[in-house]
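> turn this into a structure:
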Amino acid sequence: MASSGMHVATGDSVLSVRNFPASSLPANTVSAPPPAGGHHVDLESGFTVKEAHGVHAGAATDHETLQAVGIRRHTFLSKVWQPRALSTPMLWRDVFVEFLSTGLFIFFVISAIVFTNFTFAGGVGLFGIAFAFGITIFVLVYSSAGLSGGHINPAVTFAMFLAGRIDVIKGLLYMCAQVVGAICGAAIVREINTPLYNRVYGGCNFVQSGYTVGGAFSAEVIGTFVLIYTIFAATDPKRSALEVSPHLGVLAPLAIGFSIFVVHIALIPVDGVSINPARSFGPAVVLNDSHIWKDMWIFWVGPLTGAILATFVYEAVIRGGAVKGMQRYIQ
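Reported below is the predicted structural model:
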C-alpha cells in the first residue's frame, strides 16, 4: 500500500483516524480504502471535509483545502456563538443557579466582614474572613457545579470561554447573573443593618493605605491566576480519568476553596482581595461611594488579566501542543 490508515465506513461517510505511511504503523493496523465520494471526518482535528469524488483524502486539492478552512471557521463560530441555546430551559436554569449562588456567596462573606467587626471584639480577624470566603466557595461550588458549573465569578466564566468550554451567549448571561446576584446579596446585608454596612464601607475592595495602585493590580492578577489555575487543574478531564475512586471528585471544590483561602490570607492587607469582579461590584453599587469607585477598574481588569494568563499557561502550554512539540524537538 502507498498509504495506510483506519477508515470506518458509515453509509456515504468515512471516519478516518489518520493517514500514515504504511511503514510507520504497527502490524495490526486495519486499513481499508475510502469510498469514491462522501464525507471525510478527521477525528484528530475534529473537522469535517467533504472529499471530491474519486480523490483520496491524502491527496487533497486546493479546493478541498479552502473548504476545510471554511469548515474550521464555521466549527469555531458554532462553539462560541450558539443563539439557539436561548430557547433552551436548561440554559436559563443554569443562569438562575449562577445568580443564586453568587447572591448567597456575597451575602455570607459580606456579613462576615460587616457584622462581626462590631458585634465581637476585633471581629473574626483576617483568618476568619479568609476562612469564610474559602468555605463558602467550597460549599457553593460543590452544590452548583453539577448544574451551572459553579463559576460564581465573572473571571472564571471568562476563563471558561477562553478555554472553549462555554459559548459567548452563555458567558455573557452568566456574568450578568453573577453581577445582579452580587448586588442583591449585598443589598440584603445592608438592609439587615445599614449603619454597620456603611461604617465598614460595605466590605468593599479598595487600595489600602501603604499600598500602591500597581501593587493592588499585581495582587489581583496573581491571586486570580492562582484561582483559575487551580480550577483548571482540579477539573482536568485527564486528571479525572486517572482517579482511583470516583468519590475523589469532591476534592475539586475543596481545592478551589482552599485556593481562595490562601489568596485571602496573603493579600487581604493589600486591597481586601477581590479576584472576583462581581464580589467588588455588588457591594460597591449598594454603598455608592466615590472613594470606592475610583479603584473599581483594578477589580475588573486585574482578575480578567489573571484569567487570561492562567488560561494560556494551562491550556496552551501545560495541556497544549507546546510541551509535546518541545519533547519531539529534543528527541
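> and whichever strand or helix holds Tyr197, what does it pack against?
Assigned by DSSP states H and E, Tyr197 falls within helix 194-199. Applying 3 or more Cβ pairs under 8 Å, 6 or more residues apart in numbering; DSSP states H and E, one finds that helix 194-199 makes contact with helix 116-119, helix 168-192, helix 277-287. Backbone N, C-alpha and C define where each C-beta goes, glycine included.
> so what touches that helix?
Here helix 194-199 makes contact (Cβ atoms under 8 Å, 6 or more residues apart in numbering) with Val114, Phe115, Asn117, Phe118, Val189, Arg190, Val286, Leu287.
> just the strands from this structure, written as ranges.
Counting by DSSP state E, the segments of the chain that form strands are 4-10, 13-20, 38-42, 47-51.
> which regions of the stretch 51-200 of the chain sit below the pLDDT cut-off?
Counting by pLDDT under 70, the stretch 51-200 of the chain shows low-confidence ranges at 51-85, 118-123.
> now do the helices in it.
With DSSP state H, counting those that start in this stretch, the ranges of helices along the stretch 51-200 of the chain come out as 62-80, 89-114, 116-119, 125-144, 154-162, 168-192, 194-199.
> domains for this structure, by residue range?
The record's domain split for the chain, according to automatic domain parsing, is 4-80, 83-322.
> circling back: mind giving me the ChimeraX select for the contacts of helix 194-199, buried ones only?
To isolate in ChimeraX the members of these that are buried, counting by 16 or more other Cβ atoms under 10 Å, one can use:
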select :114,115,117,189,190,286,287
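> tell me which of the helices of the stretch 51-200 of the chain sits nearest to Ser218.
Taking Cβ to Cβ as the criterion, Ser218 comes closest to helix 154-162 out of these, the separation being 15.5 Å.
> now that closest one: buried residues?
Those would be Pro154, Ala155, Val156, Thr157, Phe158, Ala159, Met160, Phe161, Leu162, for helix 154-162 by 16+ other Cβ under 10 Å.
> which residues does the third one contact?
Listed by Cβ under 8 Å, 6+ apart, the contact set of Val156 reads Leu227, Ile228, Ile231, Ala307.
> quick one: end-to-end distance for stretch 294-301.
Taking Cα to Cα, to the nearest Å as the measure, stretch 294-301 stretches 13 Å from start to finish.
> who's in contact with it?
Stretch 294-301 is contacted by residues 205-207, 213, 216-217, 220, 271, 274, 277, 279-281, 284 when judged by Cβ under 8 Å, 6+ apart.
> for the record, mean pLDDT for it?
In this model, stretch 294-301 has an average pLDDT of 97.
> where does the stretch 201-331 of the chain dip in pLDDT?
Under the criterion of pLDDT under 70, the regions of the stretch 201-331 of the chain flagged as low confidence span 239-249, 321-331.
> one more time with 50, if that's ok
Under the criterion pLDDT under 50, no range of the stretch 201-331 of the chain is flagged.
> closest one of the contacts of helix 194-199 to Leu86?
Comparing those against Leu86 with Cβ to Cβ places Val286 closest, at 29.8 Å.
> OK, contacts around the closest one?
The neighbourhood of Val286, defined by Cβ under 8 Å, 6+ apart, consists of Ile183, Ala186, Ala187, Val189, Arg190, Tyr197, Gly202.
> same list (those residues) but as TSV, adding distance to Ile166.
Conversion of those to TSV gives the following (distance: Cβ to Cβ, whole Å):
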residue	distance to Ile166
Ile183	23
Ala186	26
Ala187	28
Val189	30
Arg190	32
Tyr197	34
Gly202	30
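> any idea which of those residues has the most stuff around it?
When neighbours are counted as other Cβ atoms under 10 Å, the busiest of the contacts of Val286 turns out to be Ala186, with 30 neighbours.
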